[in-house]
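Novice: Dropping the sequence and predicted coords here.
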Amino acid sequence: MNTRLNQTNWVLKTFETLTPFELYKILKLRSEVFVVEQNCVFLDMDNRDQFSYHLLGLVENNLAAYTRLIAAQKVYDYVSIGRVVTSPQYRKLGIGKELMKISIKKCYELFGEVPIKIGAQLYLKKFYESFGFTQSSQVYDEDGIDHIEMIKPAP
């Protein structure tokens, strides 16, 4: 697959404006990666999608990458980026890096230039550090996977 970043159509939507087809693609990708690929039994639908913004990276109508953006005080004291996922068929193309760049940019546009919090899988620490996030917690187990909290200070 010779997908280029400029072929990715980035779409930001509220829960209410997602089509049933978009919501299905989001839930399918999250289940494919977080439940099946990572062999992690957990309930992905956590009643946070309804008050979140959803950033979709579409390539030829396929969901290649996705994040969920949440305002401060909804879940955490900070604005947060979560459910960061790239489809297995689109990995190693730079879409994950573009996803994070655009997610950070959209957070600043939506919520102002404030700190951003993430709950990161430990093995991705260096990836998130490349965007300015720093570890802010001890390692903890979440559904059998080592995680850390990380914060990107306000610019």
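Specialist: Arrived safely.

Novice: Identify all contacting residues around the helix or strand encompassing G82.
Specialist: In the assignment (DSSP states H and E), G82 maps to strand 79-86. Residues from elsewhere that reach strand 79-86 (Cβ atoms under 8 Å, 6 or more residues apart in numbering): 29-30, 33-34, 44, 48, 64-72, 95-96, 99-100, 103-104, 107, 111, 114-119. Where you see a C-beta, it was placed from the backbone N, CA and C, and this is true even at glycine.

Novice: 7 Å instead?
Specialist: Applying Cβ atoms under 7 Å, 6 or more residues apart in numbering, the contact partners of strand 79-86 are 29-30, 33, 64-72, 95-96, 99, 103, 107, 111, 114, 116-119.

Novice: Could you list which of these belong to strands?
Specialist: Among those, DSSP state E puts A64, A65, Y66, T67, R68, L69, I70, I116, K117, I118, G119 in strands.

Novice: closest to P153 among those residues?
Specialist: Among these, I116 lies closest to P153 (Cβ to Cβ), at 8.7 Å.

Novice: which ones are touching that closest one?
Specialist: With contact set as Cβ under 7 Å, 6+ apart, I116 has these partners: Y78, V79, S80, I81, I104, C107, I151, K152.

Novice: Which residue, neighbours along the chain excluded, lies closest to it?
Specialist: Spatial nearest neighbour of I116, chain neighbours left out: K152 (4.5 Å); criterion: Cβ to Cβ, 6 or more residues apart in numbering.

Novice: Also S52?
Specialist: Looking at S52 with Cβ to Cβ, 6+ apart, the closest residue is R68, at 4.6 Å.

Novice: Which per-residue confidence value corresponds to the one you found?
Specialist: On pLDDT, R68 comes in at 98.
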